[in-house]
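In: kindly generate the corresponding structure for this input.
(one chain, ligands or ions: 1)
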Amino acid sequence: METYPITIGGVTRHVPLIEPLPGRRIPLVEFLGDPELVRAAAQALKPLVPAGTEVLFTTETSPIPLTHVLAEEMGLPYVVARRRRRPYMEDPIIQEVQTLTLGVGEVLWLDRRFAEKLLNQKVTLISDVVSSGETMKAMERMVLRAGGRVVGRIAAFRQGTPALEVLTVAELPVL
Ligand SMILES: Nc1ncnc2[nH]cnc12
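Out: Residues are numbered from 1 along each chain as shown. All right, here's what the predicted structure looks like:
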């Protein structure tokens, strides 16, 4: 398997190169199961979280440990949008994502009891990789629909040029 070196917060991993669309190869960032990488990324992202942030907001799956460590470090709560409907969800916010980065159209789901945690809160969006920015846009839309206000947009890695302003600490190539 072909790999590519990625570095964040001084920690390097040789990750698989995947081809989600023909002729477009990208290094696959994976935070799950790698506490050292997660901690390094969280430390690097911490200074980018705007003062006054009251809640962090992320999506399944890879950015969850990153957001968890960041939240713990900063003493903040966090909310996670799910990528599948769960049977117990009541009156969820359902938000379509336009992204095709990983070759799939997606929908984000947020149970109402978690949406309520965003009401009247200053919210910072956390992601692992931002490329088109469409997932971030969908997250922002969810926060607005939940009655919150987005004060920051942060991702560990940037890949290409997102359609909205996002703070990042490392760059990924499209090969
Ligand atoms: N390169 C990448 N690795 C992991 N998740 C991604 N989501 C979008 N781009 C990605």
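In: so for this protein, the centremost residue is which one?
Out: Central residue of the chain (C-alpha atoms, centre = their mean): Ser127, 1.7 Å from the mean position.
In: that one: which element?
Out: strand 122-130 (DSSP states H and E).
In: on contacts alone, who are the packing partners of the very next helix or strand once past that strand?
Out: Sequence order places helix 134-145 as the next helix or strand after strand 122-130, per DSSP H and E. In this structure, helix 134-145 packs against strand 55-59, strand 93-97, strand 106-110, strand 122-130, strand 149-159, with contacts taken as 3 or more C-beta pairs under 8 Å, 6 or more residues apart in numbering; DSSP states H and E. Every C-beta, even on glycine, is put in place using the N, C-alpha and C of the backbone.
In: which of those strands sits closest to Arg24?
Out: Proximity to Arg24 (C-beta to C-beta) singles out strand 149-159 among those, at 10.6 Å.
In: just the C-alphas of the closest one, formatted as PDB.
Out: Taking C-alpha atoms only, strand 149-159 is exported to PDB below (Å, rounded to 0.1, in the frame of the first residue of the first chain):
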ATOM      1  CA  ARG A 149     -24.000  31.200  17.000                       C
ATOM      2  CA  VAL A 150     -20.800  30.100  15.200                       C
ATOM      3  CA  VAL A 151     -17.800  32.000  16.500                       C
ATOM      4  CA  GLY A 152     -15.000  29.800  15.100                       C
ATOM      5  CA  ARG A 153     -14.300  27.200  12.400                       C
ATOM      6  CA  ILE A 154     -11.200  25.000  13.000                       C
ATOM      7  CA  ALA A 155      -9.800  22.000  11.300                       C
ATOM      8  CA  ALA A 156      -6.600  20.100  11.900                       C
ATOM      9  CA  PHE A 157      -5.800  19.800   8.100                       C
ATOM     10  CA  ARG A 158      -6.600  21.900   5.100                       C
ATOM     11  CA  GLN A 159      -6.800  20.200   1.700                       C
END
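In: buried residues in the next helix or strand after it?
Out: Using DSSP H and E, the helix or strand that follows strand 149-159 in sequence is strand 167-172. Buried residues in strand 167-172, counted by 16 or more other C-beta atoms under 10 Å: 167-170, 172.
In: next, the contact list for Ala155, please.
Out: Counting by C-beta atoms under 8 Å, 6 or more residues apart in numbering, Ala155 makes contact with 126-130, 136, 166-168.
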